[in-house]
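Engineer: Okay, sequence plus prediction incoming.
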Amino acid sequence: MVQMRPNDPLQWLVNAGCYVAGRRSAALPPGSEVDPRIGPALVLSADVPIGEAPDSVAVAPSDAVVRLAFTSGMTGPAKGVELTSGALGAVALALRDTLPWPERPQVLCAESVSGGFGNMVLPTFLLGGSFALPDEPGVDSFLDAVVAGRPTVLMMMPPILRAVLNHPRADSVDWSSVELVVYSGASLESSEVDRAHAVFGEVLCQVFGQVEVPKTIAYSTPADHRGERRSALGRPFPGTEIRLCGPSGTEVPAGQAGELWVRGPTIARSYAFPAGSPVHDGWLRTGDVCRMDSAGYLYYVDRVQYAIPLGDSYLCPSDLEERVFSLTGQVVSAATTEDSSVRFVPGAPPRDVMGRPDRRGLA
C-alpha cells in the first residue's frame, strides 16, 4: 500500500495495520507520482475512506518486509529501503527502553509520521502515553499546540527546532510541562544548545540513525548536553554494535576518522532499488565518517565520498578546513576532486537543511 496523505494519525494507523498483517506500506507526499520501481500498489489518497477492520488478522513473521522507506537522495541516488517487521519491532523496544522518557509521556511531534519520527509512536503507546500532531504545518501551529496541550515531550528535526528557538513567541510560551526534547538528524552547535537550555531547560536528547537503521545507532542524554560532549552524536544504543573502519575495513583507533559500520537487530536487510543488500558479513556500512572518543561517544565528521583514503585511514575536508584556519585565520571550504586532490574555496562550506556541510558542487 502506498499512502499519499497529509501528516495525520490515520497515516500511522494504516502503517501499523500493514505491519501487523505483513503487508508492505510506503508513504509519499500528496500529489506525488508513484515510482514504478515500487511495483503495483494500492494507493490510499487523502480523500479515500478506510473500510471497517476485519475481526482478526494474522500476525506477520519477523522476517516479513512491511515497510518501504526512501533515502533523501541528498548524498547519492535515492534508495528504496526494505524494513522488516522484526527490525521495526526492535526499533520500538530500543527507543522505549533507552530514552529518558517521563512517566506516561504526552508527546507533541512537529514532524511527519511517515518519516523517521513515526518510529516514536509505538514506544509512546507502550509507555501508556499519547502522541499528538499540530493541526497545521508551521511553527505557529506547533506553539499553539504546546500552549493548548501542555505536552511533556517534544520531538522535531533541527530545522524546526531552530525555527522554534528563533521565533518571537519562544520566550513567552510556558514550557514548564516539557520534560524531554528529542531531536534527530544533526548535532546542534554549542550556542544552539545554550539557547535550547534557556528556553526549555536542560532536557535535550538526540537520537541518531539512518533510513537503514531508524533512530537507533546512537543517542545522547540531557546530561551529555550539559558538558563538553554536547556536540557528540552520543553512544551506541544497547544491542547496537559499531565499528569505525578505514578504507580497507580495518578498525581505526579512538580519535581517528573512520567509516561507521553498524550491526544489530534494527538494521534493514535489503534494498528494493537499487537491488541488493546494504549488509555485508552482518555489518551495514553507513557511508558516514565519524570519530569516537575514549569514552565511546561518536562525533560526525563527513560523508565517505568526500574523504580521501590514505592507507588505512581517511583525510577529511573538515580537518583540512580547521588546519587552514588554525594556521592562517582564513575560513575556507575544502572538497576532494576525482583525482583525489583537494580544492579550497574561500568561505565556509554550504550547509544542507540539517546544518551539515554540503560539499556537492565544490569539487
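Structural biologist: Looks like it came in fine. Numbers count the residues shown, from 1 in each chain.

Engineer: now the helices for this structure?
Structural biologist: In the chain, the segments counted as helices under DSSP state H are 9-21, 85-98, 121-126, 139-149, 158-166, 190-200, 317-328.

Engineer: Point out the one among those helices that comes closest to Ser184.
Structural biologist: Nearest to Ser184, of all these, is helix 158-166, at 8.2 Å by C-beta to C-beta. Quick note: C-beta positions are derived from backbone N, CA and C, even for glycine.

Engineer: I'd like the average pLDDT over that closest one.
Structural biologist: For helix 158-166, the mean per-residue pLDDT is 95.

Engineer: and what of stretch 295-315?
Structural biologist: 88.

Engineer: Distance from the chain centre to it, please.
Structural biologist: How far stretch 295-315 lies from its chain's middle: 19 Å, per C-alpha atoms, centre = their mean, to the nearest Å.

Engineer: closest to Pro346 out of the helices of the chain?
Structural biologist: Closest to Pro346 of the helices of the chain is helix 317-328 (C-beta to C-beta; 10.5 Å).

Engineer: which secondary structure elements does that closest one contact?
Structural biologist: strand 298-303, strand 332-336, strand 342-346 (3 or more C-beta pairs under 8 Å, 6 or more residues apart in numbering; DSSP states H and E).

Engineer: Dump the second one to PDB, keeping only the CA atoms.
Structural biologist: This points to strand 332-336. The C-alpha trace of strand 332-336 is given here as PDB (Å, rounded to 0.1, in the frame of the first residue of the first chain):
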ATOM      1  CA  VAL A 332      37.800  28.000   3.600                       C
ATOM      2  CA  SER A 333      35.700  25.200   2.100                       C
ATOM      3  CA  ALA A 334      37.600  22.100   1.200                       C
ATOM      4  CA  ALA A 335      36.500  19.400  -1.300                       C
ATOM      5  CA  THR A 336      38.100  16.400  -2.900                       C
END
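
Engineer: got the contact list for Gly258?
Structural biologist: If you count contacts by C-beta atoms under 8 Å, 6 or more residues apart in numbering, Gly258 has them with Arg243, Leu244, Cys245, Gly246, Glu251, Val252, Val289, Cys290, Arg291, Ser313, Tyr314.

Engineer: what's the closest of these to Ser112?
Structural biologist: Taking C-beta to C-beta as the measure, Ser112 lies nearest Cys290 of the contacts of Gly258, at 26.7 Å.

Engineer: Name the residues linked to that closest one by a beta bridge.
Structural biologist: Gly258, Tyr300 (DSSP bridges).

Engineer: residues touching it, list them.
Structural biologist: So Cys290 contacts Leu233, Leu244, Ala257, Gly258, Glu259, Leu260, Leu298, Tyr299, Tyr300, Val301 (C-beta under 8 Å, 6+ apart).

Engineer: Over to Gly185?
Structural biologist: Contacts for Gly185 (C-beta under 8 Å, 6+ apart) come out as Met157, Pro158, Met354.

Engineer: So the closest residue to Met156 other than its chain neighbours versus Val182, what's the distance?
Structural biologist: Nearest residue to Met156 in three dimensions, chain neighbours excluded: Ala110, at 4.1 Å (C-beta to C-beta, 6 or more residues apart in numbering). Relative to Val182, Ala110 is positioned 11 Å away (C-beta to C-beta, to the nearest Å).
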